Structures are given as C-alpha cells and as structure tokens.
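S.K.: Whatever this is, show me its structure:
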Amino acid sequence: MEEKNIGRFLELVISARKSLSAGDLAVARDFAKLLLKEFPESEEGWLVLASISESENALAYLEKALRVNPDSQAVHQAIRLITGQFLNGDQNVPEIPEVLALDDTQPIKVNDINANGDDSAVCFDVLKELDSDAETQETTDMEGEQLTQDEIIVEIEPTPENPEEESQEEEYSEVQPDSPVSTEVENVGEIVKQALISNSDIPTFEKKIRIRKKKSKVIDHSQIKPVIEPLKIVKADLRSQRKKFNVEFVELFLIAGFAVLLPILLFLYFYLITGCQRTRSPIFDFNASPSENFSGDAQTKVDVSQQLAFKPMQFAWFYKPPEDMAELSTIASNYSLFILTRNDEPERERMVENGAEGEVMQYLRFDAIMDPGGCQTKPFQNQAANLEGDFCIIKNEHRDWFLLDVNGDPVKLDEMGYLVMDPGNKEWQAFFNNKVSEFQNDPGWNGIVLDNVDASLGRYSAQNKLLARFPDDKSFQDAVISHLACLSSMLHKNQEKSLIANITFLKQPEVWFRYLAYLDGAMIENFAADWDSGYISESDWLNQLEIIEETQVQGKTIILVTQGNPDDYNRMLFGLASFILVNNGNAYFRYSNDEAYRKMWWYPEFDLDLGQPLGPRYKEAGVWRRDFEKGSVMADPLKHQAEIKLN
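M.R.: Below is the predicted model:
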C-alpha cells in the first residue's frame, strides 16, 4: 500500500466500524464497497459485509476474506465462534489449524483497529505519528534487514493488558467436543461482528503506529482448505434447518388458516341461516369533530395524561449576546437554549445569574478558518484557528489541510477572509478536535454547535468550483462523516458534551440522518421559508416537518430558524405555526435573519399558553392543524397563511 493511501485506508476502516457500532448498516455497506474497490488486497471490506449480512451470505463473505488474507486473526476468531456455536460435538468437523492463528508477538494490521475503541486516539495520536514516521527515508524489518520499496503497511505492536484474560478468551472460542449440536439458526453476521470487534480493541494495543516495508507474500491456498471445510458444514446445516423451518411454517400456516376460517363459517351460518342479526355501532361518528375520527389525514385524539408535559413554545438564542445588554435578563428568562461564542463567557455567566436554565452551547465554524490579515493579528473566536499565528502556520506548513480545487488552489468562501478546510484531512481533523477539547474544558459550556456542516457540494457548485478530492456529493459526505465520528467520540467519551450541527445544502433527507447518527441535534436555518422574501415549496415544507418529527423520535434536539424581517408579521406567524405543528418537546424556534441575530424580536404570540397537545398534526380541508388543551394551530403551506387561536 502506498504511503499516500494509508490515510485513506484508515479513514474508510474507522468510518466503517463506527457505522457498525452506530447500527447504520447502509453506511457500513457503502464503506465496505469503497474498501473493496480501493483496497482489494485487504480483507476488511469482506469482513464488514459479513458483519451486516444474513447467515449464508455472511459465510460466503467470510470465505472471501480468508482467501484474501489467510492470516487474518479476525477471520479465524469468527470461524472458531461460528463452528463452536453451530457444530459443537460434531465428530465430522475438521479441526482448525492453529498454525494460521496469529501469535501474541505478530504485528496486527491497521484494518484490525476497532472504531468502537478509542476513536479520539486514532484521530489524534495515530495519524500524527504515522505522518511523522512517513518522513523516514529508510526502514528495516523486525530482524534489522533493509527492505526494498515494496508494499507499505501500517502495523501495531500488541501489548495485552491482562494476559490471563486473553488466554481465557482464546480457550472460550475453541470448539467444545462434548457440547450438543446447535439446532437454532443464529445470525452469523453478528458472530463475525463480535470477532471483528474482539480482535481489534485499540486499548489492548500500544497507541503507536509505525510504517514498515513488507515483502510480497505468496498465499499458500493449501492452508486455506482445512479452515474452509467447517464453513461448508455450517452452510449445509443452515440449509437443512431452513428447509425444516419452511415445512413447519407451512404446517403452522394451515392450522392458523383453519382457526381463522372456522369462526367465519360459524358466523355466516348463524347470520344467514338463522337470521340472527346484531346491532352494531358505526365505524365513524359523522357528528363528531374531525379530530375525534381517523379518516384520511385526520388523527385520533390521544389521552393527554399518557404524554410527558413539555412547552409547545420553546425558543433558542444565538450566536452572540444581545446588542442591548439591558435585554440580557429578558433573554435569560424567555429562551430555553442558548448559543454563544468563545470570549462571551462573562455574558454567559450573567445570563445564568439571571435565571437561564437551558443548556449554553459554544458556536464554532466547522467549514473554514479565518485569514486575519497578519500573523500577529488576533482572529475571530468563532473558528478553530483562534490564536495569533495559527492561520500562518497552517498556510505555510499544512497547505494540504485546505480544501483545494482542481487547479490546486485553496477555496475561498467569502469576502470576510475565510478559507475552507478539507473535512477528510486527518491532520486537520486532529487539529480541530484538539481545539474543541481545549475549548470545552470550560465547565460553563454544555457542548458545541457546528455551523456550515454541508450535506452536498451545492455551496461550491454555486461558485462553479470543482474540487480536487471530492468529485461528487457522496465522497464529500463520507469525509464529513469521518470527521463527525471522531469529534463525537471525543466529546461523548472524554467530556460528556453535546454536539449539534447546522446541516446546510441538504438535498436528500437520508443524508441528514447519516450525519445525525454522530450528533446530539441539528439545525435548519431556513425553516418554512427561504433566505429572502419567498417561501419554500409545499413538498419541501412537508419534508422538513417529517425530518423534524423523526429527529425528535430519535431523542435528538432540533433548532428551527425562520428568516424574515421584524415587521413581516404573516411570515413570523407562518414560521411559528409550522414549528408548533411538529414540536414534540425537543424543538426550539427563532424568528430573525442572519444579520439580526443579536436583536431580540418578541411577539405577543410567543406568550400564548396553548396547554398540552391532544395529538399529532393532521390535515383537514387542505390545511394542517394541531389541537391543544387550550387552543389550536393551523398552517396552509400553499397560501403561506397561519392561525393560532385560544379556545
């Protein structure tokens, strides 16, 4: 593997395993396909596919992984677990040759790094040492022999924390000869996933990676055959169990069908032959209000006592303290979520003293750093290169950290002097995450809100920019996810802080949820209306509502901002009503515009007490409604009209 590909390989491996841990199987499958395409000499892609596949397919993928790398510790561990579970006690099962298992002194390949382990260590320490060691011109093998320019691999020296525990795990994984044959079909993919994790736990190894040259190795496929034989027996066992299951299912279906059919025949006999008719209540009460029935888009009322109480109207303040500091106490008592910027700590403490009860988050740009115009000039504190000289060091020593176009030039974002960073560059990720860790050591911050987390290349397409490393949306999204995964792991594991992102340039809802897997919440900054004086389409409006509801179902926070002017009452009311339709306790609203975030606009409707909702939103006569204990709300996405009224 060439040196320039090691970082890419690490990125894909870590991202794939992080996705497995998060349960995002579709994303894990995508990373597995990329691994197979870009690194066919590695078994990692086949192992990931085996981890997310049904049993027979998982066995096929496992066999492919073994053929690629007969020495893979993860593959052998998976085979021992599978044969131990499926074929315990079967005298026809050939013994797995122990000569192929890795011993404790043999290096472990980089594709055995577990994303469930210390991700922050991988993002911080591993890549720094990898890059520093890559500068070494001559390398030797473990015996001191000078090696030629052959395949470069990354290896980790294993140092077991507890040798006794390790030997116990090895003994447990072996086939027990006296155990009965298993008759229950388990998920082979889950077993492979266990093996993949158990053989790759980063805390059991020294966090030191070095680059070594490795001579080409000829695979002896005669050694593979004894290992594959148990897998063939497991496949046959699965097929026989599936056939048995199918027969039992047919029998059960016939019995169930007869049990259902018999009462129907009896009913028809008494109803048609004996004329025994019963008085029946109507399915729908047409004299009732629409919300008391379920017909079409209408929803049934729900028992309010079964819901957890929340505020139908909750507001978020950001990104700086108000221009009029006299409003600070009013903001503290009327808003429920606060986002400020580094150096706003005095105002933050005053807000808490004035009764602010919600979380106070720190704003930080995710996409770019500022060129302050001089190496001794203090930059803005809203981005990671916050110290004098930070920008100059990055510009002069780490030019590859910048997002480069196809001409090799850094992409400039706007006239404010911001240059965009490459979200997939591992060194930049390490620098950024170290800064975040430093910022969040302040206990007054409850987490980070990242701005401009792009979900597509739309920002650059609008500037007619073609990027050198990211030819399409998918490649860019994968890079963003790799950065979010490392940052999220660090904040949650080391500091227990929240991570919220303003997801911008979203084209596909599924990308929102791919990002959300590594976040505690998200923001929509153009909610219910566009950035100017117009509105979004009805279909986009409905898509936003569905995203908001599903985000809250997942237990995540969502911040909704409707852009407008202070005197545009109808626009404010439409945004507020749209928010109330979908607020289920984890949503926060703000009506403002991106040039007036330091001004507090407060309207009488913000003080209305609607009580608790009687159910979800429903559609009636072309408009969307939601009923509350003390009132109701209506929004028409076609006419962009809204109404909030009390009973």
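
S.K.: For Ile558, the count of nearby residues, please.
M.R.: Neighbourhood size, Ile558 [other C-beta atoms under 10 Å]: 25. Where C-beta positions appear, they are placed from N, C-alpha and C, glycine not excepted.

S.K.: would it count as being in a helix?
M.R.: No: secondary structure assignment (DSSP: H, G, I helix; E, B strand; the rest coil) places Ile558 in strand, not in a helix.

S.K.: Surely it touches Gly585?
M.R.: No: contact criterion C-beta atoms under 8 Å: Ile558 and Gly585 do not qualify, at 10.7 Å.

S.K.: any residues in contact with both of these two?
M.R.: Shared contacts of Ile558 and Gly585 (C-beta atoms under 8 Å, 6 or more residues apart in numbering): Gln552.

S.K.: In space, what's closest to Phe431 - neighbours in sequence excluded?
M.R.: Nearest residue to Phe431, sequence neighbours excluded (C-beta to C-beta, 6 or more residues apart in numbering): Ala384, at 6.9 Å.

S.K.: show me what contacts that neighbour?
M.R.: Taking C-beta under 8 Å, 6+ apart as the contact definition, Ala384 lies against Leu364, Arg365, Ile369, Asp390, Phe431, Phe432, Lys435, Val436.

S.K.: what's the helix or strand for the third one?
M.R.: Read it as Ile369. Ile369 is part of strand 368-370, with elements assigned from DSSP states H and E.

S.K.: Residues touching that strand, excluding its own?
M.R.: Strand 368-370 is contacted from outside by 379-380, 383-385, 390-391, 394, 413, 416-421, 452, using C-beta under 8 Å, 6+ apart.

S.K.: Using ChimeraX, make a named selection holding only the buried ones among those residues.
M.R.: Selection command for ChimeraX covering only the buried members of the contacts of strand 368-370, criterion 16 or more other C-beta atoms under 10 Å:
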select :379,380,383,384,385,390,391,394,413,417,418,419,420,421,452
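
S.K.: Kindly indicate which of the contacts of strand 368-370 lies nearest Ala326.
M.R.: Sorting those by how near they are to Ala326, with C-beta to C-beta, puts Phe380 at the top with 25.4 Å.

S.K.: burial of the nearest residue to the closest one once chain neighbours are set aside, as a residue count?
M.R.: What sits nearest to Phe380 in space, not counting adjacent residues and going by C-beta to C-beta, 6+ apart, is Met370, at 5.4 Å. With neighbours defined by other C-beta under 10 Å, the count for Met370 comes to 22.

S.K.: quick one: Gly447 from Ile394, how far?
M.R.: Here the criterion is C-beta to C-beta, to the nearest Å. By it, Gly447 lies 25 Å from Ile394.

S.K.: so of the contacts of Ala384, which ones are in helices?
M.R.: Asp390, Phe431, Phe432, Lys435, Val436 (DSSP state H).

S.K.: Go through stretch 517-534 and flag the buried ones.
M.R.: Applying a neighbour-count criterion of 16+ other C-beta under 10 Å, one finds 517-529 buried in stretch 517-534.

S.K.: That stretch: end-to-end distance?
M.R.: With C-alpha to C-alpha, to the nearest Å as the measure, stretch 517-534 spans 32 Å from end to end.

S.K.: What of stretch 336-346?
M.R.: The first residue of stretch 336-346 is 19 Å away from its last residue (C-alpha to C-alpha).

S.K.: which outside residues touch that stretch?
M.R.: With C-beta under 8 Å, 6+ apart as the test, stretch 336-346 has contacts from 311, 314-321, 331, 347-348, 351, 356-364, 381-382, 386, 439, 442, 444, 449, 557, 559, 588.

S.K.: Got a PyMOL select line for the buried ones in those residues?
M.R.: Filtering those down to the buried ones (16+ other C-beta under 10 Å) takes a single PyMOL command:
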select buried, resi 314+315+316+317+318+319+320+321+331+347+348+351+356+358+359+360+361+362+363+364+381+382+386+439+449+557+559+588
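
S.K.: Highest neighbour count among the contacts of Ala384?
M.R.: Ranked by neighbour count under the definition other C-beta under 10 Å, the contacts of Ala384 are headed by Ile369 with 27 neighbours.

S.K.: Write down the beta-bridge partners of that residue, one by one.
M.R.: Listed beta-bridge partners, Ile369: Leu419 (assigned using DSSP bridges).

S.K.: What distance do you get for it to Ile644?
M.R.: With distances defined as C-beta to C-beta, the gap from Ile369 to Ile644 amounts to 43 Å.
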